[in-house]
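Engineer: generate a structure from the sequence data that follows.
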Amino acid sequence: MRDLILLAILGGIFFTIMLGNRPLSVPDEGRYVEIPREMVVSGDYLTPRLNGVKYFEKPVLFYWLEAFSIKLFGLHEFTLRLWPALFALFGCLAVAVAGARLFGRMTGVLAAVILGTGLLYYAMSRAIILDMPVTVLISAALLSFLVGTHESPGLKRRLYLWFFYALCAGAVLTKGLIGILIPGMIIGAWILLLGDWRMLKTLYLPSGIVLFFLLAAPWHILVSQANPEFFNFYFIHEHFMRYLTKVHGRYQPFWFFIPIILLGLFPWTVFLAQAVKYNFPSTWQDRHEHRDGLFLMLWAGLVFLFFSVSDSKLIPYILPVFPPLALLIGRYLAASWDSRDFPGVRIGYLIFMIVSLLLAVGLLFLPYYASFSIDVGDMKKLGEWRIFLVVTLAVGGIISWYCAAQKGFRWAFIAMTATAMIFLLQVNAAAPLVDMKSVKTIALPLKAKLKPGDEIVSYQTYYQDLPVYLERRITIVDWTGELEFGTTVEDTSQWMINNAVFWKRWQGNSRMYMMTKIETYRDLKKNPPIPLFLLDQNQRNVLVTNKASKNEEKP
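Structural biologist: The predicted structure follows:
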């Protein structure tokens, strides 16, 4: 309990510090704030809407949580990002508890630290997207199941397994059918490899299935009754077609997630191969003695394969592999905690030093490599933060290796953890200097001058965070994108308009504001006598109006 309290306090600080230090990133954070904001405004918590348009791509649980925060605290970046951070903390605590129950106290503590300081896991703890919540719910469900199988039939085992079914329902309500498909796939493969079919009789399947449907089914039924088009779009288009086809334009090669895992698990990647070898059964007959390690490897391996064979791939999809990998590495390092010569550990710290030095050199010279696909201008903006990152990696790598060679692996782990935490906090502190494509700096001054009858227009694009910061629906011209389906099932013609309708309104008597890309604005200026009065701009976009005032001049 003392370990858990300490992890909760330190993890709570680590995951919540500087949560509100940057605007909402576009498109994801803007989208997943605007939907719950509209729920709060409309009072309709059943049908998700984005800019007033029905939006059935994802289930509703995370929207409800965000709506609760908005209702309680308002629209502030810190409180809006609090749920992903709390889920990340809960995930670490779940790993700590399960690791301690399965492999011992030290494994639980180390695994929680490893998970929380991994690069991708920490990054996703600060993003208002669904991948952290669904990862933690699936992980907690699988860990509850695994721990429950160690209990004798009775109340305790029943509670663990009921918790498993309830968490799976929560995962389904967060991101759809993967919430039950992934756990079912892993558990089924595990039972098959063990040949332990009798276990099925002790999983409380009848009551568990009833509990699952009692939690997961009501919203799906009610939203389908209110929106007859929901079933086909949500289940067929957003589940099966997203997974099996390239309809969403997110195709990547099969090996796409390999570098993501290696980089996303950094710095603990250096122990991954040793941890797998340590936990892997040496013979087929030994699989029963290594059943828990086998479960974790199946978990990581099947999730990797599941998303790798899909035709739709995004970086956050692979996040569910990190909790089992953290437990495998934690168990391996726990065995070396008091050792000075445990097999493979010293070489891991040596690799960490080498990789850290290489990354430091890469960061140092990155702005000068014009061939890189990232925005080099953003890297130059980092200024002194880039130097701090370079020093942290270089010094941390060297100190960690020195501790492993001279002081023992306990001190080396502490040094490596400190390096990871300092590096991640520095990246977090520098994040506001990087362009997140937000329009906050334009939106807030505009909001201050808006009057009730004014119309705000997004021209030939959609700024996901604009309605959030303005706290009102906007008009969209010549763009449908992800809102296309919603425009076909109900009348949105008043605010989803074409070019001809827009210019007729623009030259009317009402006050209108238009935001568009700088390139589009330059093209429009070539077609006078359209009234375009420039009000504001950032490096990507401009804000213009159709009516000049005393402080507004025609450019």
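Engineer: on the three-state scheme, Ser549 is what?
Structural biologist: Following DSSP: H, G, I helix; E, B strand; the rest coil, Ser549 is assigned to coil.
Engineer: neighbours around it, how many?
Structural biologist: 11 (other Cβ atoms under 10 Å). Placement of C-beta: from N, CA and C, glycine included.
Engineer: ok, now Arg37?
Structural biologist: The burial count for Arg37: 20, using other Cβ under 10 Å.
Engineer: list the contacts for it?
Structural biologist: Contact analysis of Arg37 by Cβ atoms under 8 Å, 6 or more residues apart in numbering lists 67, 70, 75, 467-468, 471.
Engineer: list the buried residues for the helix or strand hosting it?
Structural biologist: Secondary-structure assignment from DSSP states H and E places Arg37 in helix 28-42. Residues 28-40 are the ones in helix 28-42 that count as buried (16 or more other Cβ atoms under 10 Å).
Engineer: where does this structure dip in pLDDT?
Structural biologist: Along the chain, segments meeting pLDDT under 70 span 242-251, 366-383, 550-555.
Engineer: ok so, going back, nearest to Met18, of the contacts of Arg37?
Structural biologist: Comparing those against Met18 with Cβ to Cβ places Leu75 closest, at 18.2 Å.
Engineer: how near is the closest one to Asp465?
Structural biologist: Look at Leu75 and Asp465: by Cβ to Cβ, to the nearest Å, they are 11 Å apart.
Engineer: between these two, which has more neighbouring residues?
Structural biologist: Asp465 (23 against 15).
Engineer: which neighbours do Leu75 and Asp465 share?
Structural biologist: Val33.
Engineer: can you pull out the helices in the stretch 101-250 of the chain?
Structural biologist: Along the stretch 101-250 of the chain, the segments classed as helices by DSSP state H, counting those that start in this stretch run 105-116, 119-124, 131-148, 155-175, 178-194, 205-226, 230-231, 242-244.
Engineer: can you check which of those helices gets nearest to Phe413?
Structural biologist: helix 105-116 (7.2 Å).
Engineer: got the angle for that closest one vs helix 131-148?
Structural biologist: Note on geometry: by axes from the mean of the first three to the mean of the last three Cα atoms, to 10 degrees, helix 105-116 and helix 131-148 are set 160 degrees apart in direction.
Engineer: next, the buried residues of helix 105-116.
Structural biologist: 106-116.
Engineer: now stretch 171-184
Structural biologist: 171-183.
Engineer: nearest to Thr480 among those?
Structural biologist: Nearest to Thr480 among the buried residues of stretch 171-184, with distances taken as Cβ to Cβ, is Gly176, at 22.7 Å.
Engineer: distance of that closest one from Thr283?
Structural biologist: Gly176 sits 39 Å away from Thr283, going by Cβ to Cβ.
Engineer: for Met515, same thing?
Structural biologist: On the measure of Cβ to Cβ, Met515 and Thr283 end up 65 Å apart.
Engineer: just Val468 next, same as before
Structural biologist: Val468 is 57 Å from Thr283, by Cβ to Cβ.
Engineer: so between the two, which is more surrounded?
Structural biologist: Neighbour totals were compared for Val468 and Thr283, and Val468 leads with 27 against 8 (other Cβ under 10 Å).
Engineer: my guess is that one contacts Leu24, does it?
Structural biologist: Yes - counting by Cβ atoms under 8 Å, Val468 does reach Leu24; the two are 6.4 Å apart.
Engineer: can you list residues touching both of the two?
Structural biologist: 30, 33.
Engineer: part of a helix, is Leu7?
Structural biologist: Yes - with three-state DSSP as the criterion, Leu7 is assigned to a helix.
Engineer: assess the claim that it and Ala94 are in contact.
Structural biologist: No - in this structure, Leu7 is not within contact of Ala94 by Cβ under 8 Å, at 10.9 Å.
Engineer: quick one on the thing from earlier: from the contacts of Arg37, which is closest to Lys449?
Structural biologist: Glu471 (14.0 Å).
Engineer: ranges for the strands of the stretch 351-500 of the chain?
Structural biologist: For the stretch 351-500 of the chain, applying DSSP state E, counting those that start in this stretch gives strands covering 455-459, 475-477, 496-497.
Engineer: tell me the most buried of these?
Structural biologist: Greatest average neighbour count among these goes to strand 475-477 (a mean of 23), per mean count of other Cβ atoms under 10 Å.
Engineer: neighbours around the closest residue to Gln274 other than its chain neighbours, how many?
Structural biologist: Nearest residue to Gln274 in three dimensions, chain neighbours excluded: Gly344, at 3.7 Å (Cβ to Cβ, 6 or more residues apart in numbering). Using other Cβ under 10 Å, Gly344 has 15 neighbouring residues.
Engineer: before we move on, what about the one 10 residues further on?
Structural biologist: Ile354 is surrounded by 13 other residues when neighbours are defined as other Cβ under 10 Å.
Engineer: which ones are touching it?
Structural biologist: By Cβ under 8 Å, 6+ apart, the neighbours of Ile354 are Gly397.
Engineer: from Arg410, how far off is it?
Structural biologist: Counting by Cβ to Cβ, the gap from Ile354 to Arg410 is 22 Å.
Engineer: how far does stretch 500-511 sit from its chain's centre?
Structural biologist: 40 Å (Cα atoms, centre = their mean, to the nearest Å).
Engineer: looking at the protein, which residue lies furthest from center?
Structural biologist: Computed with Cα atoms, centre = their mean, the maximum C-alpha offset from the centroid of the chain is found at Pro529, amounting to 46.2 Å.
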